[in-house]
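> Sequence below, structure please.
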Amino acid sequence: MGNSTSKKVLVVEDEQDIAQLVTHYLEKEGFRTIKALNGFEAIKKVKEDKPDLVVLDLMLPELSGLEVCKRLRSAPNTAMLPIVMLTAKAEESDTLVGLELGADDYITKPFSPKTLVARIKSLFRRLDRTADRKPTSGTYGPLSLDLTRHEVKLNGTEVLLTAKEFSLLEHLLRHPGRVLTREVLLNEVWGCDYYGTTRTVDVHIRRLKVKMPLLNGAIVSIKTLGYKLLDHPVQH
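Below is the predicted model of the structure:
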């Protein structure tokens with residue numbers, strides 16, 4: 001689906017003129033657009049209209065952009081929804097929090113609509129490439145995972161994992177650099193009909209770290225949310 005015409009973008013922005021400008025440029029490039037003026041409306045539109053990407057302003061009335069991002073990331077069906085944040089220069093620390101929460105990209109105001117459109121297009125291209133490549137094996141430094149054989153090796157030596165530990169590791173390796181909430185991991189690894197607590201995730205992460213010390217510094221705990229696997233293993 002490399003064609004932008006089929007892509008639907010939700011623009012969440014309380015300043016009408018900016019929202020108007022952004023949607024105008026997106027539509028000119030063949031995207032379909034939806035608008036939301038505040039955080040609650042944004043959440044509602046995501047559920048109803050199922051956009052392919054969200055352009056999200058940080059400073060929103062009623063429910064902040066950060067809160068919207070957090071809610072979208074912790075619901076399994078929107079956990080992987082691409083989010084581009086719009087931030088003012090002064091909100092630098094919030095921008096970092098936004099990226100921690102899983103925003104895919106951000107642009108600081110004032111910005112050129114052309115730049116925003118270019119960034120959105122390149123994000124879609126990146127996502128399309130990833131979707132096309134469903135790898136059957138993955139490596140992470142000296143760690144290798146083979147899906148067909150269901151085996152994990154560290155420095156060439158096999159590490160024995162339970163089925164759940166294997167699935168959890170596979171999910172982390174598929175999404176390096178991305179904050180994965182406990183809810184999402186439970187849903188993906190244990191299945192949406194699982195009724196245990198989110199502590200289960202913590203226990204399994206701990207077991208992975210014990211079996212593969214390489215993961216100690218590599219799997220980072222994101223306060224109150226979940227976990228993130230660093231893009232590259234930490235060199236000791």
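
> Next, count neighbours for residue 27.
Residue neighbour count, defined by other C-beta atoms under 10 Å, stands at 12 for residue 27. Where you see a C-beta, it was placed from the backbone N, CA and C, and this is true even at glycine.

> element containing it?
Using DSSP states H and E, residue 27 maps to helix 16-28.

> now the helices for this protein?
Counting by DSSP state H, the chain has these helices, from start to end: 16-28, 39-49, 65-74, 92-100, 113-132, 163-174, 182-185, 199-211, 215-218.

> so which of these comes closest to residue 142?
With C-beta to C-beta, the closest approach to residue 142 among those belongs to helix 215-218: 11.3 Å.

> tell me what the closest one is packed against?
In this structure, helix 215-218 makes packing contacts with helix 199-211, judged by 3 or more C-beta pairs under 8 Å, 6 or more residues apart in numbering; DSSP states H and E.

> ok so, going back, could you give the angle of the helix holding residue 27 to helix 113-132?
Here helix 16-28 runs at an angle of 50 degrees relative to helix 113-132 (axes from the mean of the first three to the mean of the last three C-alpha atoms, to 10 degrees).

> Run the chain-centre distance for helix 16-28.
The chain centroid and the centroid of helix 16-28 are separated by 25 Å, computed with C-alpha atoms, centre = their mean, to the nearest Å.

> Quick check: residue 209 touching residue 216?
Yes. Residue 209 is within contact range of residue 216, at 5.1 Å (criterion: C-beta atoms under 8 Å).

> Comparing these two, which shows the higher neighbour count?
Counted by other C-beta under 10 Å, residue 209 and residue 216 do not tie: residue 209 has more neighbours, with 15 against 12.

> and that one, what does it touch?
Contacts were defined as C-beta atoms under 8 Å, 6 or more residues apart in numbering; by that measure residue 209 touches 215-216, 219.

> returning to what we had before: okay, the helices of the chain in JSON lines with mean pLDDT next?
Supplementary listing: those in JSON lines, determined by pLDDT from 0 to 100:
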{"stretch": "helix 16-28", "mean pLDDT": "95"}
{"stretch": "helix 39-49", "mean pLDDT": "96"}
{"stretch": "helix 65-74", "mean pLDDT": "88"}
{"stretch": "helix 92-100", "mean pLDDT": "71"}
{"stretch": "helix 113-132", "mean pLDDT": "79"}
{"stretch": "helix 163-174", "mean pLDDT": "87"}
{"stretch": "helix 182-185", "mean pLDDT": "84"}
{"stretch": "helix 199-211", "mean pLDDT": "89"}
{"stretch": "helix 215-218", "mean pLDDT": "92"}
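
> Can you tell me which of these is nearest to residue 140?
Proximity to residue 140, assessed across the helices of the chain by C-beta to C-beta, is greatest for helix 163-174 (5.7 Å).

> any idea how far the residue in the chain sticking out farthest from the centre lies from residue 29?
What lies farthest from the middle of the chain is residue 157; by C-alpha atoms, centre = their mean that is 31.6 Å. If you measure residue 157 against residue 29 using C-beta to C-beta, to the nearest Å, the figure is 51 Å.
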